[in-house]
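In: Just need the structure, nothing else, for what follows:
(one chain, ligands or ions: 3)
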Amino acid sequence: ESGAGGDRYEMVQREVEAEILPGYATRLWTYEGSFPGPTIEARRGRPVTVLHRNELTVPTVVHLHGGRTPAASDGYPTDLVLPQGWTGHHAHSMPDDRAVVTDVQREYGFPLDQRAAMLWYHDHRMDFTGPAIWRGLAGLHFVRDEVEDALDLPRSDRELPLMIADRAFDAEGQLAYPSLDPTLTGEHGVEEPFLAGVMGDVVLVNGAPWPIHEVDTGLYRLRILNASNARHYELEAVAEDGRTVPLVQIGSDQGLLAAPVRHERLPLAPAERYDVLIDFAGLPVGSTVRLANRLGSGGTAEVMAFRIAREGASAPIPETLADDLPEWDRSEAAVVRDLAFRAGRMEDGRHGWVVDGLPFDPARTDVTARFGEVEVWRLIADVHHPVHLHLVGFRVLSRGGRTPLPHDAGLKDTVSLRPGEAVEIITRFDGYRGRFLFHCHNAEHEDMGMMANLEIV
Ligand code: C2O
Ligand code: CU
Ligand code: CU
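Out: Residues are numbered from 1 along each chain as shown. Ligands and ions are numbered 1, 2, ... in the order given. As a prediction, the model looks like this:
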């Protein structure tokens, strides 16, 4: 539906069965019956409202990752959309008295006053984000703008969204998630196997295992999202003769770069997005280019493949891209903060993951930032943690005390901290006042408490 006030969508969250592995019917939690959920196409500054109706048997929360969204629609982890029959009873028993717990449906409003980018929406319920995303609650949301239009990048069937997510299946073809299926954790007990997060041995792209996509010998635009709960990838496109086909990065989480960056291998942490051009020119028709994962082994070493089906017209890669990237300087920073992402104890005393020693508590404000001020955050990690900030995009200032890596370019909303590393980011807290979040986007780390409140005042 489209009107003067923007575009309006309705989505029903429901369980369906779908064939993911040949011959098996897998139960999924979905938006509108599909995994990934329906893709939303939007224009910068043109608001979108989405009415979500919960027909699942569990409470849900919808968050638009990367969206510049007022707090009321940002999907705070206790702002639940209740399942049928839950209204009233649970409405007053939430730990946080600010939580809005009302109904089996909820309308989310997205102003989308932001740069063109590929965002994604996913579940964000407190303590249960991992299992909810794993079961299928994720979809893509594009924002387009004039800066992007002017570049004449590959579009329609030459623009390929790739939502990459690993999953594990049991013998019946059902999704296996250890914390919800204690029988599957076997003799290891419950804690140990997934302190690193939940991973699977099947790689899905847009919900299909290791797909093969037909292309021609032209230029393609890959919109890559790592929607995995915990798996990191290092992508490399490999032609049949063993040659690496370069991945030319033109954008990051929050839109276009200033100029393209060429990669032989592209690291991809959970929740990160990369906007990449790949040119199949000169490759033999009938041959195949594998998109490999250099961090994987066996099945997880492969992501998908492109089959070159015919000749096609090539196109040049633009030399310059966007000139609207925010440039913040360290000298502008009103505050410099250290924030540690490390192992710690959860509320029940078990080992988990925490921010600055404390597990997530909806009733506590962890960071108060002043509206409009620039801040530098020094994020410190023990092991790998992809750290995500809601509401704002940021630039990476330094990594391990050195200049950032080539793939850190552009405007980010998720940055991959490597073991033992400190990463400095810089941003301005503007857009909206209110309560937002920052957290590790390893979904299991997030559920175990590695999340904190950011109050913008
Ligand atoms: Cu992708 Cu707080 O989330
Ligand atoms: Cu987010
Ligand atoms: Cu983490």
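
In: Let me know how buried whatever residue of the stretch 151-300 of the chain ends up closest to ligand 1 is, in neighbour terms.
Out: Closest contact between the stretch 151-300 of the chain and ligand 1, by Cβ to the nearest ligand atom, is at A271 (5.0 Å). All C-beta atoms are positioned from the backbone trio N, CA, C, and that covers glycine. Neighbourhood size, A271 [other Cβ atoms under 10 Å]: 27.

In: Please look at it and T414 and confirm they touch.
Out: Yes. Here A271 reaches T414: they are 4.5 Å apart, a contact under Cβ atoms under 8 Å.

In: any shared contact partners between these two?
Out: P386, H388, H441 (Cβ atoms under 8 Å, 6 or more residues apart in numbering).

In: Out of the residues you listed, just show me the ones up against ligand 1, please.
Out: H388, H441 (Cβ under 6 Å from any ligand atom).

In: Most neighbours among the shared contacts of A271 and T414, which one is it?
Out: Result: H441 is most packed of the shared contacts of A271 and T414 (other Cβ under 10 Å), 28 neighbours.

In: how about the nearest residue to it, chain neighbours excluded?
Out: Spatial nearest neighbour of H441, excluding adjacent residues (Cβ to Cβ, 6 or more residues apart in numbering): A271 at 3.9 Å.

In: now T57
Out: P83 is the one closest to T57 (Cβ to Cβ, 6+ apart), at 5.4 Å.

In: Look at the one you found and give its secondary structure.
Out: Following DSSP: H, G, I helix; E, B strand; the rest coil, we place P83 in the coil state.

In: Give me the mean pLDDT for stretch 29-36.
Out: In this model, stretch 29-36 carries a mean pLDDT of 98.

In: how long is that stretch end to end?
Out: End-to-end distance of stretch 29-36: 10 Å, with Cα to Cα, to the nearest Å as the criterion.

In: Let me see the contact set for I308.
Out: I308 neighbours (Cβ under 8 Å, 6+ apart): V215, D216, T217, F280, L283, P284, V285, G286, S287, T288, V289.

In: tell me the pLDDT at D348?
Out: pLDDT recorded at D348 is 77.

In: any chance you could map the strands in the stretch 351-457 of the chain?
Out: Using DSSP state E, counting those that start in this stretch, the strands found in the stretch 351-457 of the chain span residues 351-355, 367-369, 374-381, 385-389, 395-399, 414-417, 422-428, 434-440, 451-456.

In: Let's have the ones you listed in a markdown table, adding distance to ligand 3.
Out: Formatted as a markdown table, the strands of the stretch 351-457 of the chain follow (distance: least, Cβ to the ion, whole Å):
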| stretch | distance to ligand 3 |
| --- | --- |
| strand 351-355 | 5 |
| strand 367-369 | 18 |
| strand 374-381 | 8 |
| strand 385-389 | 3 |
| strand 395-399 | 17 |
| strand 414-417 | 8 |
| strand 422-428 | 13 |
| strand 434-440 | 3 |
| strand 451-456 | 10 |
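
In: Okay, domains of this structure per the record?
Out: 2-148, 156-310, 330-456 (automatic domain parsing).

In: possible to save those domains as JSON lines with distance to I317?
Out: Shown next, in JSON lines, are the domains of the chain (distance: least, Cβ to Cβ, whole Å):
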{"stretch": "domain 2-148", "distance to I317": "15"}
{"stretch": "domain 156-310", "distance to I317": "6"}
{"stretch": "domain 330-456", "distance to I317": "15"}
